[in-house]
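Enquirer: got a predicted model here, sequence first, then my questions.
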Amino acid sequence: MRKVAVALAFSVALVILGPSPASGDSETAGPRASMTCDRSDAPGRVRCEVEALAGAGESITWGDVVIRKTPAFAAALRGRIGPHDATLHEPGIWRWALALVAREKGTGDVDGSVRLVSCRDGKCIPYEVDVRARLVVGE
């Protein structure tokens, strides 16, 4: 339990934004996603994590993460983290780890998208869920 509390104290939680089905069906309650980035005391590599949760009664069959924007003081090591790079790959939850490189101290937002295909009763729908994390380096 102490490890969890310490990990939470050193991570900056992200915003969970609602899904937008690529099919345009706004009535469907689909998956949710979130992003967190570890707080860093000094410039260098910063670890972030993205998590997607399937909607009720759905399962995720495909997904990836695209980093759309980083603060000026940081860069993504990879702009896209594919489905085979998921660190957790279960029907109801997928998780990806990614890294940023901070060249100097600063605070800013990392914006990305989680693209998913979620299925229920043999019907699959593509979704794109926006995520945002606060990156804090040396502050």
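Expert: Here it is on my side, so go on.

Enquirer: make it CA atoms for all contacts and neighbour counts henceforth
Expert: Will do.

Enquirer: next, count neighbours for residue 61.
Expert: Neighbour count for residue 61, taken as other CA atoms under 10 Å: 18.

Enquirer: go through the one helix or strand it maps to and flag the buried ones.
Expert: Following DSSP states H and E, one finds residue 61 within strand 59-69. Neighbour-count burial for strand 59-69, counted by 16 or more other CA atoms under 10 Å, picks out 59-67.

Enquirer: TSV for those residues, including distance to residue 83 and pLDDT?
Expert: Converted to TSV, those look like this (distance: CA to CA, whole Å; pLDDT from 0 to 100):
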residue	distance to residue 83	pLDDT
59	14	96
60	11	97
61	9	96
62	6	97
63	5	97
64	5	98
65	8	98
66	11	98
67	14	97
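
Enquirer: what's the closest of these to residue 34?
Expert: Closest to residue 34 out of these is residue 65 (11.0 Å), distances taken as CA to CA.

Enquirer: name the nearest residue to that closest one, sequence neighbours excluded.
Expert: Taking CA to CA, 6 or more residues apart in numbering, and ignoring the residues beside it in sequence, residue 65 has residue 114 as its nearest neighbour in space, at 4.6 Å.

Enquirer: kindly report the same for residue 117.
Expert: Counting by CA to CA, 6+ apart, the nearest residue to residue 117 once its immediate chain neighbours are dropped is residue 126, at 4.3 Å.

Enquirer: any idea which residue sits dead centre in the protein?
Expert: Nearest to the geometric centre of the chain sits residue 50, at 2.6 Å (CA atoms, centre = their mean).

Enquirer: ok, and what's touching the host helix or strand of it?
Expert: Assigned by DSSP H and E, residue 50 belongs to strand 44-53. The contact list for strand 44-53 (CA atoms under 8 Å, 6 or more residues apart in numbering) reads 31-40, 65, 92-104, 114.
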